[in-house]
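K.L.:
No letters, just coordinates:
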């Protein structure tokens, strides 16, 4: 008899449920080098779960005005899976999830024989889980100061480095106090002033999960984000500095059929596998490799409303095949439901709004990209692009060099950056 063993870890997409430390952390003794003091300023804002078309749908007047003044993309394509932790870290490193190592919000690591959980303080603060070189680490390595306000992975000393200024992940600090701290950072003396600031806003994702993307609570969240970004820009203007803004999200939000989830396949003996994920992506890691092929063949025969892949034959555009699995964390067998279907292996009450689907097939999970400021071309519209291109865009604005292999290209920067910029 099959028995589904519940893994007692949260499946929530947000990492904001952790015990919260609301104090600002400052690494003493750091200074911008004299050469770096003259570099531009970038504020990279992420509104979690902010779908690409929310500004038009909910009339976010300030964001639409900023977009018309600068650059707007028709959408930004998340990395697969279209989930919070993998995509924030993809933008931060220029690497796809299978390359940077955070392959889902919750996943099983074969080598460690344990799970990573983005809601676990112990996991998220452990730098050994993270590959790549995040933007703030790259900046600090080149004596350009950085500050992080809740960006995922910024609460771990990756490569032994925190940003000079950072907050541990949480949601208790009021938005007006967050904006105040950004202004205070920019009012510091030039040798102490951060040139890269990341800023995270959770509300669209929170409300989208609870009520679905086409709901009044999401409309309210969009208006709140619109007002917060406007208030941030107005407050930053008081510093007299010319600042570049990049407004993005990690993913969008869809409203699948949560009333009729797919049942656990009969061919899946859950006692033989560790299970990573649920709902839009189910990854099976075999306890005994001999169980992989027979289970795969049985699942293929049974499959209805979902696709079954081996790690070796994952579609190339997902960048999740065995050849991409730099950290040995992709499942031996992967189940991908057809939208609007989803799994519910743990029999949880399902949120109305969901993401995680393949962005190539579900447009609703596409993210947003707006950018404005002296570095950007005015009145410019571009088509969709992969979110790993954010990394080379920011490094080009700030004049940072990188030698690590990344997946992002300079195609986005070439399209959106002004030939003459401050």
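P.N.:
On my side now, so go ahead. Everything numeric here is computed off the predicted structure, so don't read it as measured data.
K.L.:
ok, and what's touching the helix or strand where residue 207 lies?
P.N.:
In this assignment (DSSP states H and E), residue 207 forms part of helix 203-211. The contact list for helix 203-211, computed with Cβ atoms under 8 Å, 6 or more residues apart in numbering, reads 13-14, 47-51, 54, 84, 215, 217-218, 220-222, 224-225, 249, 253, 351-354. The way it works is simple: take the backbone N, C-alpha and C, and place the C-beta from them, glycine included.
K.L.:
let's go with 7 Å and repeat that
P.N.:
13-14, 47-50, 54, 217-218, 221-222, 224-225, 253, 351-353 (Cβ atoms under 7 Å, 6 or more residues apart in numbering).
K.L.:
Same check on stretch 329-343?
P.N.:
Contacts of stretch 329-343 (Cβ under 7 Å, 6+ apart): 98, 101, 103, 107, 109, 254, 256-257, 261-262, 276, 278-286, 292, 295-296, 299, 305-311, 314, 320, 354, 357-358, 361-362.
K.L.:
Between the two ends of that stretch, what distance do you get?
P.N.:
Taking Cα to Cα, to the nearest Å, stretch 329-343 runs 21 Å from one end to the other.
K.L.:
Surely residue 161 and residue 142 touch.
P.N.:
No. Using Cβ atoms under 7 Å, residue 161 is not in contact with residue 142; the gap is 11.2 Å.
K.L.:
now do the same end-to-end measure for stretch 144-160.
P.N.:
Stretch 144-160: ends 16 Å apart by Cα to Cα.
K.L.:
Looking at the contacts of helix 203-211, which are in helices?
P.N.:
54, 217-218, 221-222, 224-225 (DSSP state H).
K.L.:
Can you say which of those are buried?
P.N.:
With neighbours counted by 16 or more other Cβ atoms under 10 Å, the ones in helices among the contacts of helix 203-211 contain buried members at 54, 218, 221-222, 224-225.
K.L.:
Of the residues you listed, which is the nearest to residue 92?
P.N.:
Nearest to residue 92 among these, counting by Cβ to Cβ, is residue 225 at 20.2 Å.
K.L.:
And residue 22, how far from residue 346?
P.N.:
With distances taken as Cβ to Cβ, to the nearest Å, residue 22 is found 32 Å from residue 346.
K.L.:
And the two? Which one has more around it.
P.N.:
Using other Cβ atoms under 10 Å as the criterion, residue 22 and residue 346 rank with residue 346 on top: 14 against 11.
K.L.:
pLDDT score for the residue nearest to the spatial centre of the chain?
P.N.:
Closest to where the C-alpha atoms of the chain average out (Cα atoms, centre = their mean) is residue 88, at 2.3 Å. Looking at residue 88, its pLDDT reads 98.
K.L.:
isn't it right up against residue 46?
P.N.:
Yes. Between residue 88 and residue 46 there is a contact under Cβ under 7 Å: 6.5 Å.
K.L.:
any shared contact partners between the two?
P.N.:
151, 250.
K.L.:
coming back round to it: next one: the nearest residue to the residue nearest to the centre of the chain once chain neighbours are set aside from residue 98, what distance?
P.N.:
Using Cβ to Cβ, 6 or more residues apart in numbering and skipping the chain neighbours, the partner closest in space to residue 88 is residue 152 (4.0 Å). Separation of residue 152 from residue 98 (Cβ to Cβ): 17 Å.
K.L.:
got it, and residue 139?
P.N.:
Distance from residue 139 to residue 98, by Cβ to Cβ: 25 Å.
K.L.:
Using the record's assignment, carve the chain into domains.
P.N.:
With domains defined by automatic domain parsing, the chain comprises 24-95+132-255+360-416, 270-337.
K.L.:
For the last one, measure first residue to last.
P.N.:
Counting by Cα to Cα, you get 18 Å between the two ends of domain 270-337.
K.L.:
Same check on stretch 184-203?
P.N.:
Start-to-end, stretch 184-203 (Cα to Cα) is 24 Å.
K.L.:
Show me what counts as buried in that stretch.
P.N.:
Result for stretch 184-203 [16+ other Cβ under 10 Å]: buried residues 185-186, 192-203.
K.L.:
can you list these in JSON lines and add distance to residue 37, pLDDT and secondary structure?
P.N.:
Shown next, in JSON lines, are those (distance: Cβ to Cβ, whole Å; pLDDT from 0 to 100; DSSP: H, G, I helix; E, B strand; the rest coil):
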{"residue": "185", "distance to residue 37": "14", "pLDDT": "98", "secondary structure": "helix"}
{"residue": "186", "distance to residue 37": "13", "pLDDT": "98", "secondary structure": "helix"}
{"residue": "192", "distance to residue 37": "10", "pLDDT": "98", "secondary structure": "coil"}
{"residue": "193", "distance to residue 37": "8", "pLDDT": "98", "secondary structure": "coil"}
{"residue": "194", "distance to residue 37": "12", "pLDDT": "98", "secondary structure": "coil"}
{"residue": "195", "distance to residue 37": "9", "pLDDT": "98", "secondary structure": "coil"}
{"residue": "196", "distance to residue 37": "14", "pLDDT": "99", "secondary structure": "strand"}
{"residue": "197", "distance to residue 37": "16", "pLDDT": "98", "secondary structure": "strand"}
{"residue": "198", "distance to residue 37": "20", "pLDDT": "98", "secondary structure": "strand"}
{"residue": "199", "distance to residue 37": "22", "pLDDT": "97", "secondary structure": "strand"}
{"residue": "200", "distance to residue 37": "26", "pLDDT": "97", "secondary structure": "strand"}
{"residue": "201", "distance to residue 37": "29", "pLDDT": "97", "secondary structure": "strand"}
{"residue": "202", "distance to residue 37": "33", "pLDDT": "96", "secondary structure": "coil"}
{"residue": "203", "distance to residue 37": "35", "pLDDT": "97", "secondary structure": "helix"}
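K.L.:
Having no further points to raise, I will conclude here.
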